[in-house]
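S.K.: structural data only, the sequence is not supplied:
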């Protein structure tokens with residue numbers, strides 16, 4: 001059973017916003033780097049945002065930079081992905097992962113959530 005649970009996905013119109021949450025159970029998320037990935041039909045899983053344990057360092061894929069913001073709440077043991085100005089090409093399954101490296105490569109992570117679906121359509 002995954003120790004990471006994503007939520008907040010859904011259907012949104014182009015230009016709209018969603019906030020995804022990645023909540024951890026059984027371990028402290030602040031001890032790990034946490035990244036968001038998305039899987040789109042016919043494409044490889046793409047790392048789109050990563051945040052350090054302290055929250056002071058972040059990095060984004062070019063495809064989402066300036067539109068998405070990753071953040072974390074130590075109190076809630078949760079990492080968020082605020083997605084603004086969504087586009088149809090942002091449609092996909094979004095998953096979070098915790099690991100020991102500040103990396104956007106999926107190979108750096110072993111602890112994954114089940115994912116939440118995001119659909120951007122009129």
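M.R.: Cool, the structure landed. Since we're looking at a predicted model, the values are computed, not measured. Numbers count the residues shown, from 1 in each chain.

S.K.: ok, residue 83 touching residue 15?
M.R.: No: taking contacts as C-beta atoms under 8 Å, residue 83 lies outside contact range of residue 15: 11.3 Å. C-beta: built from backbone N, CA, C; applies to glycine.

S.K.: who has more neighbours out of those two?
M.R.: Counted by other C-beta atoms under 10 Å, residue 83 and residue 15 do not tie: residue 83 has more neighbours, with 26 against 11.

S.K.: quick check, central residue of the protein?
M.R.: The centroid of the chain falls nearest to residue 36 when counting by C-alpha atoms, centre = their mean (2.6 Å).

S.K.: helix or strand right after the helix-or-strand element of the chain with minimal mean pLDDT?
M.R.: The helix or strand of the chain with the lowest confidence, counting by mean pLDDT, DSSP states H and E, is strand 109-112 at a mean of 90. Going down the chain from strand 109-112, the next helix or strand is strand 116-120, by DSSP states H and E.

S.K.: tell me which residues of that next one are tucked away?
M.R.: Judged by neighbour count using 16 or more other C-beta atoms under 10 Å, the buried positions of strand 116-120 are 116, 118, 120.

S.K.: turn those into TSV, including distance to residue 103.
M.R.: TSV is the format used below for the buried residues of strand 116-120 (distance: C-beta to C-beta, whole Å):
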residue	distance to residue 103
116	22
118	22
120	26
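
S.K.: contacts only, for residue 117.
M.R.: For residue 117, the contacting residues are 9, 10, 92, 93, 94, by C-beta atoms under 8 Å, 6 or more residues apart in numbering.
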